[in-house]
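A.B. asks: fold the stuff below for me.
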Amino acid sequence: MESDHDWEIFEESFNRVHDDFFKRLMHDFPDLTPGDLRLAGYLKMNLSSKEIAPLLNISIRGIENKRYRLRKKLGLSEEANLTEFIMAF
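C.D. replies: A predicted model of the protein is given here:
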């Protein structure tokens, strides 16, 4: 996703397929940033950290940090699986 416009097109299509996923996520967790939403979207697509890293132009370690921060914002315990939570959301 090179630009914000590309992301907006992706988000609109994604919401159609996944029943307004981003809107529901923002409703339940209003403190999420656009970066958090992008990560959540990629996790909803069941992509691995290795697959997400080039999409966000950051390292795998950077993705791990983003996942950790997202888990905290969602109030998940360390034992909870972030991907399973997002997939079920």
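A.B. asks: distance of residue 29 relative to residue 40?
C.D. replies: Distance, residue 29 to residue 40, using CB to CB, to the nearest Å: 9 Å. The way it works is simple: take the backbone N, C-alpha and C, and place the C-beta from them, glycine included.
A.B. asks: among those two, which residue is more densely surrounded?
C.D. replies: Comparing residue 29 with residue 40 by neighbour count (other CB atoms under 10 Å), the higher total belongs to residue 40, at 25 against 16.
A.B. asks: what about the more buried one, which SS state?
C.D. replies: helix (DSSP: H, G, I helix; E, B strand; the rest coil).
A.B. asks: tell me which residues touch it, please.
C.D. replies: Contact partners of residue 40, counting by CB atoms under 8 Å, 6 or more residues apart in numbering, are 21-22, 25, 32, 70, 86.
A.B. asks: out of the residues you listed, who's nearest residue 44?
C.D. replies: Closest to residue 44 out of the contacts of residue 40 is residue 86 (5.3 Å), distances taken as CB to CB.
A.B. asks: gap between the closest one and residue 45?
C.D. replies: Counting by CB to CB - residue 86 and residue 45 are separated by 10 Å.
A.B. asks: keep only those of the contacts of residue 40 that are in helices.
C.D. replies: Here DSSP state H is the test, and the contacts of residue 40 give 21-22, 25, 70, 86 as lying in helices.
A.B. asks: give me the pLDDT value at the spatially most central residue of the chain.
C.D. replies: When the chain is reduced to its mean C-alpha position, the closest residue under CA atoms, centre = their mean turns out to be residue 40, at 1.3 Å. pLDDT recorded at residue 40 is 94.
A.B. asks: again with residue 5
C.D. replies: Residue 5 is assigned a predicted lDDT (pLDDT) of 73.
A.B. asks: ok, it - how many residues close by?
C.D. replies: 9.
A.B. asks: kindly report the same for the one 3 residues further on.
C.D. replies: Using other CB under 10 Å, residue 8 is surrounded by 11 other residues.
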